[in-house]
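A.B. asks: Have a look; sequence and predicted model below, questions after that.
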Amino acid sequence: MNNSTDTTTRTTALAARALTLTAVPVLAMTAMAAPASAHGSVVDPASRNYGCYERWGSDHLNPDMAQEDPMCWQAWQDNPNAMWNWNGLYRDNVGGNHRGQIPDGTLCSGGNTEGGRYDSLDTPGEWKTTPISGDFTIHLYDQASHGADYFQVYITNQGYDATTDSLDWGDLQLVEQTGSYAPANDYYIDVDNPGGRSGHHVVFTIWQASHMDQVYYLCSDVDFG
Ligand SMILES: [Cu+2]
């Protein structure tokens, strides 16, 4: 798509700052009112930045975040637009070569995409997790109805430690490869639990959109109990 979402969300962040100074530029108000042309992300189990946006988007200046949700805290410090633009973590023109385009250690930022806006999502640590038991369903929200050529879903191998180790391709097991999905706002991907997992893991979802060669790389932290 285009950059109007980026502009809108960036302006929202700036406006939030401006509000603390009691003056909102007229230009910012205009941009905020403009319709968003958007993308998407995995909302359940929440991707790292969508989870932070969901928990803290309306309370992002709260200093308690540092103690209560330190990974979100470091992400907000690094670049607030990683959260405001929770739907914009993609790369264009990958040509299906995900492993060639996304170096080890940068999978959760889409290979440092968008000038490094999402680099904080590669940081290992105590990311908040969504509990998983048995088979589960991934819900991806697509504001722009791009459709999907396919989804690929990976889960980290048992023994991987999300609190100390940034994600590499070698940490992952492919557990689901789908066919195409017609354009819609909501996609559901049924995942067979591969078993043998306990504790904190990462579900890594690749969304190959259909409107153009645009690929989303989405890390969701889960707890297999
Ligand atoms: Cu898009």
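C.D. replies: In hand now; what should we look at? Residues are numbered from 1 along each chain as shown.
A.B. asks: Output the below-cut-off pLDDT ranges for this structure.
C.D. replies: 1-37 (pLDDT under 70).
A.B. asks: mind listing the helices for the protein?
C.D. replies: Remark: helices assigned in the chain by DSSP state H are 4-20, 26-33, 48-56, 65-68, 70-78, 81-84, 98-101, 113-116.
A.B. asks: what's the spacing between the closest residue to Ser145 other than its chain neighbours and the ion?
C.D. replies: Using Cβ to Cβ, 6 or more residues apart in numbering and skipping the chain neighbours, the partner closest in space to Ser145 is Pro183 (4.0 Å). Where you see a C-beta, it was placed from the backbone N, CA and C, and this is true even at glycine. Counting by Cβ to the ion, to the nearest Å, the gap from Pro183 to the ion is 11 Å.
A.B. asks: and if you look at Gly96?
C.D. replies: According to Cβ to the ion, Gly96 stands 18 Å off from the ion.
A.B. asks: Pull the number of nearby residues for the residue nearest to Ser145.
C.D. replies: Pro183: 14 surrounding residues under other Cβ atoms under 10 Å.
A.B. asks: buried residues in stretch 187-196?
C.D. replies: 187, 189, 191 (16 or more other Cβ atoms under 10 Å).
A.B. asks: Same list, those, but as a markdown table with distance to Trp76 please.
C.D. replies: Converted to a markdown table, these look like this (distance: Cβ to Cβ, whole Å):
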| residue | distance to Trp76 |
| --- | --- |
| Tyr187 | 28 |
| Ile189 | 29 |
| Val191 | 30 |
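A.B. asks: For the residue nearest to Thr129 when sequence neighbours are not counted, give the beta-bridge partners.
C.D. replies: Nearest non-adjacent residue to Thr129, counting by Cβ to Cβ, 6+ apart: Asp223, 4.0 Å away. Beta-bridge partners for Asp223, by DSSP bridges, are Pro131, His200.
A.B. asks: Touching, Asp223 and Val202? I think so.
C.D. replies: No. Contact criterion Cβ atoms under 8 Å: Asp223 and Val202 do not qualify, at 10.9 Å.
A.B. asks: more crowded one of the two?
C.D. replies: Between Asp223 and Val202, Val202 has the larger neighbour count (other Cβ under 10 Å), namely 24 against 16.
A.B. asks: Do I have it right that that one meets Asp168?
C.D. replies: No. Using Cβ under 8 Å, Val202 makes no contact with Asp168, being 10.9 Å away.
A.B. asks: Not counting its neighbours along the chain, what's nearest Asp186?
C.D. replies: That would be Tyr141: by Cβ to Cβ, 6+ apart, it lies 6.1 Å from Asp186.
A.B. asks: Bridge partners for that neighbour, pull those for me.
C.D. replies: Beta-bridge partners, per DSSP bridges, of Tyr141: Ser41, Asp186.
A.B. asks: And for Arg91, the neighbour number?
C.D. replies: 18.
A.B. asks: how near is it to the ion?
C.D. replies: Distance, Arg91 to the ion, using Cβ to the ion: 11 Å.
A.B. asks: Kindly check the end-to-end length of stretch 111-129 for me.
C.D. replies: Chord length of stretch 111-129, first to last residue, is 22 Å (Cα to Cα, to the nearest Å).
A.B. asks: err, stretch 83-103, not the other one
C.D. replies: For stretch 83-103, the first-to-last residue distance is 22 Å (Cα to Cα).
A.B. asks: Any buried residues in that stretch, and which?
C.D. replies: Neighbour counts over stretch 83-103 (16+ other Cβ under 10 Å) mark 83-91, 94, 98, 101-102 as buried.
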